[in-house]
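>>> the following comprises the amino acid sequence and a computationally predicted model.
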There are 2 protein chains.
Amino acid sequence: MNSILPLANSQQWLSLANCDDPRLKSELVIIRSNLRDARQAGVNVPGQGEAGSLEHNQHQKNSRLIEQAGLLWQIEADREAAQFGIQLLQKYAEGYQAMPFHQQKNTNPPGKLFHQLLNEHMWLLYASLGYGYLKSSLSIEQQQQIEQGLFQPMLTLFCETYAHDFDRIHNHGLWAVAAVGICGIVLELPHYVDCAIYGLAGDSRQGGYLAQIDRLFSPSGYYLEGPYYQRFAIRPLYLFAEALHQHRPALEIYQYAQQRIARTTEALLQTAYPDGRFPALNDASRSMNTEDEGVLIATQLYRLRYGEHALIERCYRQQQRCWPYPAAPLSDTVFAGCYESVELTEGEQGDAGAQGILRALAANGEVTQVMMAYGQHGMGHGHFDTLGITLYAQGREVLREYGFARWVNVESKFGGRYLPENQSYARQTVAHNTVTVDQCSQNQANAALADRVHGRRHFFIATKEVEQGATLTAMSAFANQHYPGVDMQRTVLLLTLAEHSAPLLIDLYRLQALQPHQYDYSLHYQGQIVATSLDYQRESCWSPLGETSGYQHLLLTAQSAVTQPFSITWLQGAHFTSWHSAASGGEVLFTYTGGDDPQFNLRNEPGLILRQHAAGDHLFASVFESHGYFDEASEQCYDACGKVQQLRVVGHNLEGSVLEMTLEQQRWQLMISNQPNLTAVTENQLEFNGNSFRWQGFIAIRRIA
Amino acid sequence: MNSILPLANSQQWLSLANCDDPRLKSELVIIRSNLRDARQAGVNVPGQGEAGSLEHNQHQKNSRLIEQAGLLWQIEADREAAQFGIQLLQKYAEGYQAMPFHQQKNTNPPGKLFHQLLNEHMWLLYASLGYGYLKSSLSIEQQQQIEQGLFQPMLTLFCETYAHDFDRIHNHGLWAVAAVGICGIVLELPHYVDCAIYGLAGDSRQGGYLAQIDRLFSPSGYYLEGPYYQRFAIRPLYLFAEALHQHRPALEIYQYAQQRIARTTEALLQTAYPDGRFPALNDASRSMNTEDEGVLIATQLYRLRYGEHALIERCYRQQQRCWPYPAAPLSDTVFAGCYESVELTEGEQGDAGAQGILRALAANGEVTQVMMAYGQHGMGHGHFDTLGITLYAQGREVLREYGFARWVNVESKFGGRYLPENQSYARQTVAHNTVTVDQCSQNQANAALADRVHGRRHFFIATKEVEQGATLTAMSAFANQHYPGVDMQRTVLLLTLAEHSAPLLIDLYRLQALQPHQYDYSLHYQGQIVATSLDYQRESCWSPLGETSGYQHLLLTAQSAVTQPFSITWLQGAHFTSWHSAASGGEVLFTYTGGDDPQFNLRNEPGLILRQHAAGDHLFASVFESHGYFDEASEQCYDACGKVQQLRVVGHNLEGSVLEMTLEQQRWQLMISNQPNLTAVTENQLEFNGNSFRWQGFIAIRRIA
């Protein structure tokens, strides 16, 4: 009867009973206690409820109880647990067919147990796993009752009633094919397994697991919806891969598409901040991290099927929990660092832009990480934030993503669904650290338009030695299809100087247009402003900055004319950040989210906008400096003021940009090429104000004093 | 030469070298590394600078280096460390007399090394300790140079030039007497020791250490400026006590005033939240905690001089760090709980009101703690917040103190001094969880007026069994001298019900006046509003609520008329709080701090005001319910809605208040006596709406359905 076990075989499961791994032991303690509590409470199969409701939570819990009952049966022959899992399955099998559908409230088709089909797919996947583990303990009659009452109707529902949804290339689609495929394996119905692998049309292109792999994950492994959805998609990706590895070995699924499953695991972990959190790209929470079940499964199966990899090992060894499954043993190899700059290309062919990640170390060993989005839009969960950046330094996100406007599973917040402000604020360009042109979002905030375009790499330099013991890592990208008549280029560098305790982020945002436009260079931070060279006026009343494109949510709290390069310093937690801008015109707007928010759905957070009007070639040049330390509890503080004194633009045009940066005791000159189709050996020569500047390749940095 | 060692004797110091305590070992590692780093950097005695400046920090550091060099000399005969400490002392001795004074910028007299004399006292204390440890290694000539160049001028400065400041009964005064006293011991100048103990007048009343003990700490041990200043005052209190214990044993200082030093240690730790933080009563940071050096010293010396006490042991065992000093051994005794309700009386005779602390346990073992201030004002650092409460539940402060408007030692924030908004907002009544009458602060926000009055206990019940397995702890207090013509009484209870996972806070704020007044019942929370039964309107522009008394800093973000009992639920971190109000009139104002804040000195935080106009007997009745759980990272949520359905006022008058509270499956009746001079056996009888209510004593709770 082993053949119907969906994942590991009986002996492998049994081996877990005597395993010494403390993480596995503690998972088994949790599972046993879950089952014991549930048995005491008795079988509880409720009716329907909103996301986050008692009913919703109970259904979700029940599918995991079924799976866990099966695990305990396989691992330690726990009869009472098995019996409880079977009772749950029987109870669902009695009632499922007669249950009505939920009322539809958003674009996702409703299920019977849950408000959206996605949850029903997830339910099927876990119930199928559990049923697979328990099946051998059931009589044929019992099997028939469960399969005919529950699993067959679900398969019909997903592959026929909702056939149009089954082949959707989407993270929901991955759950659908994994659930149906694993259920097909357990029920020994190869037709459903084939549908799940090759799609309903059987062409491996319009739908099915293989098409999902080909089309969802770029060759670099990046998933265009971003890490929040990638860690969610990677769970069914791996569970079904492992089932196919066991039951369709000829498919060699782990080798498929040049080991795309390995690549996507690596890409996901590459995006993570040093503390294990994922940057909130696109619709995403700000707290999702590498303890997520998908990541636990991915690191474990990666190690088992692909072997050791520094990035995976580091994550696996950092994780506090584990997925209860046979694991590859830990080697004695020491895996250092893994803090490198990396470009994750996008698109099915890897030619649709990228997510660029620069990393450098501060003197105290903390990682500074800058991400820039110059890839695709991200479909229905995409944010209109091309060329947007985030900065992580000294253990915190300093230039911040807002993330989504949503409280997942909080019943009293619209049943845990996406909130209206997700569309009206969180996805808008001005909610990101990028430039908004003429107070409108990129591609008119139209996802269909945005999905058709993407950013384009100019250059990406993982690491480069500069004179005087300095090093830099840098990237530059174009986005010319996001605003009609406006070409954009953003270049960001991390410059590590021997004399400076933390890497400096240098940011050059260049815009080029024939017509005059209004450019809003916006930043989102957290903390307290402690100093600024601006002569600002605070507003006595805080009013919205505009009426659309997210501006209706931004309250103006202060403003300042800009006449010369300025700096603003804020304190976030224990560290200071200074923004030094080279601007010599326009105005700075100090903002706060909270306008037009009838349901208190927005978090109230501060922001800054540098607003300038320009035609022709325009450049926003900034340096961000992390400095100092403040501990309120022990009342210690040092270096509250920073060391960068000024950033000055010498000149910029179609060919290049030249800047000068003055520190306490040094002056540096920075030259960047703006011409596409350049190579690393192109000779550049520019003249500004009668001075000539020559350099080779994309970028040059020189100490001049 | 032992006689000049200010604290422990040579053998006791030597014993530390072989001590096994890991905390002590790690402190010694830190001290050795401090000294090594400093030796490498070389002797650095700078000029003058602002608080938080390099110069300020260096002077501070130098006094600690002198002390630590002495410690290493005593503990492990470290010659290099000793030599470095001596060089520092010599350098200061060369320059001190010629140094000018700082420019005076606030009410504190300026020093030479520091902007305020307080820091100069602290410097003297630590330099004296260090000199005492090092003295035996110096020639008589060296000793004379240091004493005549540095210590003698300092003693003259403090006891003669600034004689008017030396006898001030104040936490600064404690530092002054401890520094001068310890310096006097080390220099073998008994005159200065006597001045320090008995005051310049020698009467032990106008000034001096004994007067400070008598007059600063009430018999309960509470320090009227609050825990933030108490943990600061307790450091010199103990250091000088220990020096006197060694050098003036006949004084029996640890026994003085019925062991007042023990009492004040216990009182300080009684106020702490379970996580070790101190509630931010009066001027205080929100992060000061039991790792503060004063608390480290206090717990260690308490154990050595008074023996074991559950509260002290719990704190001592929780502390991560320790004070490097001979310690009393750890016993095997198990110290449970210590989570009790306690009343800390105020005033030299203990008859000037109190700080009341109620505690109860939630089902998950978390402590719920409510504090109410019904004592004295707190002198120059006092807030106008009599009858104000704070609530701590599920690991967070739920009804919050704002704390002070100050970033200690942050140079760019007004040199780390108190900011103007400390006076204009943080100290005002409306910044607290209490009632503001007619939009004016208590006692016209006049500290001199406020210092003359205090609250008065009505009753305090540490714990009481109620029927049906419920328990309660409760307190009630009057404040009749804080608003002319308005008498106030606040009664708060923690009610623990078997069926309810966390204690309920029931809050009855009663006001009585002949004339009509406007009453603003205000609450300060943090987090996100997730639900409310109010039909509110949000403001499109956020404008200040008023022009004075702190209202100028509160922006109105939404408002709602109140026509029937309502509830508001917010999510803070992982837990929900619901405020259920029995009000059936008036309005609720939703506020945000940030108005009239020219320097960005305020933190931007939300608040709620229930505003009602009334004459005669008026009652604000509320229940606060902690419920549910939300973990964004794992996307789990339950019980977002809570179980309290309604709170209703049956009636209230001069004699008593009667309420009814409806839960999901229970109804409770609550009767509270409002008459002063009641006893626990007084029979009460009241009639409201034709119904009669009878109970004995201060309070009664009955389940009625």
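The structure has been received and is ready for your questions.

>>> so which bits of stretch A:573-580 are buried?
For stretch A:573-580, the neighbour count (16 or more other C-beta atoms under 10 Å in any protein chain shown) marks A:575-580 as buried. Using the backbone N, CA and C atoms, a C-beta is placed for each residue, glycine as well.

>>> anything in stretch A:601-613 near chain B?
Yes. Remark: stretch A:601-613 sits within contact range of chain B at A:603-604, A:606, by C-beta under 8 Å from any C-beta of the partner chain.

>>> got the CA positions of that stretch in PDB?
Extracted C-alpha coordinates of stretch A:601-613, given in PDB (Å, rounded to 0.1, in the frame of the first residue of the first chain):
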ATOM      1  CA  ASN A 601      -7.200  51.500   7.400                       C
ATOM      2  CA  LEU A 602      -4.000  53.300   6.900                       C
ATOM      3  CA  ARG A 603      -1.000  53.300   9.200                       C
ATOM      4  CA  ASN A 604       0.000  56.800  10.000                       C
ATOM      5  CA  GLU A 605       3.600  57.300   8.900                       C
ATOM      6  CA  PRO A 606       5.800  60.200   7.900                       C
ATOM      7  CA  GLY A 607       7.200  60.900   4.500                       C
ATOM      8  CA  LEU A 608       9.200  63.500   2.600                       C
ATOM      9  CA  ILE A 609       8.700  64.800  -1.000                       C
ATOM     10  CA  LEU A 610      11.200  66.900  -2.800                       C
ATOM     11  CA  ARG A 611       9.200  68.600  -5.500                       C
ATOM     12  CA  GLN A 612      10.800  70.200  -8.600                       C
ATOM     13  CA  HIS A 613       9.500  71.400 -11.900                       C
END
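
>>> pull out the buried positions in that stretch.
Going by 16+ other C-beta under 10 Å, stretch A:601-613 has these buried residues: A:601-604, A:606-612.

>>> residues contacting residue A:19?
Residue A:19 sits next to residue A:25 when contact means C-beta atoms under 8 Å, 6 or more residues apart in numbering or on different chains.

>>> and which of the buried residues of stretch A:573-580 is nearest residue B:11?
Nearest to residue B:11 out of the buried residues of stretch A:573-580 is residue A:575 (C-beta to C-beta; 44.9 Å).

>>> find the nearest non-adjacent residue to the closest one, please.
residue A:394 (4.4 Å; C-beta to C-beta, 6 or more residues apart in numbering or on different chains).

>>> which helix runs longest in chain A?
The single longest helix within chain A, with elements called by DSSP state H, is helix A:54-76.

>>> can you tell me the average pLDDT over it?
When pLDDT is averaged along helix A:54-76, the result is 96.

>>> next: stretch A:292-308.
97.

>>> contacting residues around that stretch?
With C-beta under 8 Å, 6+ apart, stretch A:292-308 has contacts from A:231-235, A:238-239, A:241-242, A:245, A:254, A:259, A:262, A:265, A:268-269, A:289-290, A:309, A:312-313, A:315-316, A:319, A:321-323, A:325-328, A:331, A:333, B:633-634.

>>> so which bits of that stretch are buried?
A:292, A:294-306.

>>> quick one: list the elements packing against the longest helix of chain A.
Judged by 3 or more C-beta pairs under 8 Å, 6 or more residues apart in numbering or on different chains; DSSP states H and E, helix A:54-76 is in contact with helix A:10-16, helix A:22-41, helix A:79-95, helix A:117-134, strand B:636-638.

>>> among the ones you listed, which is the most enclosed?
helix A:117-134 (a mean of 25; mean count of other C-beta atoms under 10 Å in any protein chain shown).

>>> are that one and chain B in contact anywhere?
No. No part of helix A:117-134 sits near chain B under the criterion C-beta under 8 Å from any C-beta; the closest distance found is 11.8 Å.

>>> strands of the stretch 401-550 of chain A, start to end?
A:435-437, A:456-465, A:471-483, A:486-496, A:504-524, A:528-532, A:537-544 (DSSP state E, counting those that start in this stretch).

>>> note down every partner strand of the longest one and its orientation.
Listed by DSSP bridges, the sheet partners of strand A:504-524 and their directions read strand A:435-437 (antiparallel), strand A:486-496 (antiparallel), strand A:606-627 (antiparallel).

>>> for it, buried residues please.
For strand A:504-524, by 16+ other C-beta under 10 Å, it's A:504-513, A:517, A:519-524.

>>> cool, and the third one?
For strand A:471-483, the neighbour count (16+ other C-beta under 10 Å) marks A:471-479, A:481-483 as buried.

>>> that concludes my questions; thank you for your assistance.
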